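Asks: Sharing a model prediction with you, sequence too.
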Amino acid sequence: MRLVFLGPPGAGKGTQSKIISNVLNIPHLSTGEILRDMSENNDYIGKELKNIMSKGMLVSDDMITSVVKKRILMQDCNKGFILDGFPRTLPQANSLESIMSEENLKISSVILVDVPEDELLKRITGRLLCNKCSKIYNKYSNPFPENGCGRKDCSKENIMVRSDDEEEAFKQVRLKKYYNETFPLIDYYKSKNLLKKFDGSGSAEKISKKIIDFINVIY
Ligand code: AMP
């Protein structure tokens, strides 16, 4: 089974793709994780990657494509793999298609974990912090419980708006990049009859159950 996971940042695509890779026992290939590892090297490429990633920008299509090609041709991917974070642009999707046809392989399905843009913005901008136990809440999706968080004797007085403008701006740049560069892949994979959309708004368990049910049907 060869799956591609698509979805905006913050929709839970990473969580879901990891769960499904465990269920199917096939490697979870997160290009973000691979590039973060590469950026730890103290060489020219490592430094360049750190610079690009710290701004929420995308690395070049050529570079990421050669990294992914090398990875999916490794032996542990023989029975399949899950791509999380690739392709992210139309040229990357075309390259993936070329790699697949060169190797006589096919993508089984493209799983879109979707959350509407206004909901994602709420997730980014609604964050609250308990200044006593440091737990993160969200005023829209995960409010502070009426009877306290139960960890310490935290109360509503301890809850403050988390003002991390830099992080918020970073997340908004990534969201914009998604809508400009990655969003067109939805139509691309729809036209190939490969796209299956899941609502990413509920609990992680409920969403993974739906994805597993779907996979059981196509398996
Ligand atoms: P992620 O963890 O998937 O959000 O990726 C973290 C960062 O890695 C992104 O903001 C990009 O800078 C870079 N990255 C990951 N995957 C790709 C890709 N397919 N194309 C270009 N850049 C990528």
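Replies: Sure, I can see it. Numbers count the residues shown, from 1 in each chain.
Asks: residue furthest from the geometric center of this protein?
Replies: The centre of the chain is farthest from one residue, Asp153, which by CA atoms, centre = their mean lies 34.7 Å away.
Asks: Give me the nearest residue to that residue, chain neighbours excluded.
Replies: Nearest non-adjacent residue to Asp153, counting by CB to CB, 6 or more residues apart in numbering: Lys132, 8.0 Å away. In this view, the C-beta of every residue, glycine as well, is placed from N, C-alpha and C.
Asks: thought that neighbour was touching Asn158?
Replies: Yes. In terms of CB atoms under 8 Å, Lys132 counts as a neighbour of Asn158; the distance is 4.4 Å.
Asks: At which residues are the strands of the protein located?
Replies: Ranges of strands in the chain, per DSSP state E, are 2-6, 28-30, 81-84, 109-114, 127-130, 136-138, 159-161, 195-199.
Asks: Off-centre distance for the first one?
Replies: Offset of strand 2-6 from its chain centre (CA atoms, centre = their mean, to the nearest Å): 11 Å.
Asks: and if you look at stretch 116-129?
Replies: 16 Å.
Asks: Return the set of buried residues in that stretch.
Replies: 119-124, 126-129 (16 or more other CB atoms under 10 Å).
Asks: Put the alpha carbons of that stretch into PDB.
Replies: Extracted C-alpha coordinates of stretch 116-129, given in PDB (Å, rounded to 0.1, in the frame of the first residue of the first chain):
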ATOM      1  CA  PRO A 116     -11.500  24.700   7.000                       C
ATOM      2  CA  GLU A 117      -9.200  27.700   6.800                       C
ATOM      3  CA  ASP A 118     -11.200  29.700   9.400                       C
ATOM      4  CA  GLU A 119     -11.000  26.800  11.800                       C
ATOM      5  CA  LEU A 120      -7.200  26.500  11.300                       C
ATOM      6  CA  LEU A 121      -6.800  30.200  12.000                       C
ATOM      7  CA  LYS A 122      -8.800  29.800  15.200                       C
ATOM      8  CA  ARG A 123      -6.400  27.000  16.200                       C
ATOM      9  CA  ILE A 124      -3.400  29.300  15.600                       C
ATOM     10  CA  THR A 125      -4.800  32.400  17.100                       C
ATOM     11  CA  GLY A 126      -6.900  31.000  20.000                       C
ATOM     12  CA  ARG A 127      -4.100  29.600  22.100                       C
ATOM     13  CA  LEU A 128      -4.200  30.100  25.800                       C
ATOM     14  CA  LEU A 129      -1.600  29.200  28.400                       C
END
